[in-house]
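Peer 1: need the 3D shape of this:
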Amino acid sequence: MKKLLVLTLVLGIASLASAALSLAATDNVVGAYSDDTEPYVAFIAYSESLDPAAVALTPAGDQNLSFLVDYGVNPGSAVGLPDAALHIWNFSAASSTVGALQPGEHLTATFADGTMFGDADMGLGTVYLLAEDTSKIGALYVVPEPATLALLGLGALVLRRKK
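Peer 2: Here you go, the predicted structure:
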């Protein structure tokens, strides 16, 4: 019973460590958000299939981006993820003035036009937000545009009808 209690406390405390960060997308732009005024260090990693040349990472919101380091393409295992290859960036959101960091969007990654993100993994590509210790905070998955998804659905209906 004591082991279960200790495990629950450890997992609860670990989940609080990254509670302030989140990942969200609008069309082809993915944003890293913080709901806290504390500075932080994090990683954003995305599938190699999401053409690194077409990705623009930029600071956003009312803050200073202390650093943005491109680690290039690495095996997913380097950050504890199952992906074969990920393009990994390390960034820090901080301010030169104590308490000046505002909650909100701090970094955006803009992908090629037509790229859309959702919560369903279709194997087309993934964007991850990782804490400083490389534990996963969130993930967004590339999804087909609505017209492509509709065509896939119609194809599935035709195949089902033929059976």
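Peer 1: who touches the residue positioned nearest the centre of the chain in this structure?
Peer 2: Among the residues of the chain, the one closest to the centroid is residue 128, at 2.9 Å (CA atoms, centre = their mean). When contacts are counted by CB atoms under 8 Å, 6 or more residues apart in numbering, residue 128 is found next to 23, 43, 44, 45, 46, 79, 81, 86, 136, 138, 139. C-beta coordinates here come from the backbone N, C-alpha and C atoms, glycine included.
Peer 1: next one: residue 90
Peer 2: For residue 90, the contact set (CB under 8 Å, 6+ apart) comprises 41, 42, 43, 67, 68, 69, 71.
Peer 1: try residue 80
Peer 2: Under the contact definition (CB under 8 Å, 6+ apart), the residues listed for residue 80 are 134, 135, 136.
Peer 1: buried only: go through those residues for me.
Peer 2: Among the contacts of residue 80, the ones that count as buried by 16 or more other CB atoms under 10 Å are 134, 136.
Peer 1: of the contacts of residue 80, which is the nearest to residue 120?
Peer 2: Nearest to residue 120 out of these is residue 136 (CB to CB; 16.8 Å).
Peer 1: so the closest one sits against residue 126, correct?
Peer 2: No. With contacts defined as CB atoms under 8 Å, residue 136 does not count as touching residue 126, sitting 10.5 Å away.
Peer 1: scan this structure for its longest strand.
Peer 2: As assigned by DSSP state E, the longest strand anywhere in the chain is strand 64-74.
Peer 1: hmm, who's touching it?
Peer 2: In this structure, residues lying in contact with strand 64-74 by CB under 8 Å, 6+ apart are 39, 48, 52, 57, 59, 85-96, 106-107.
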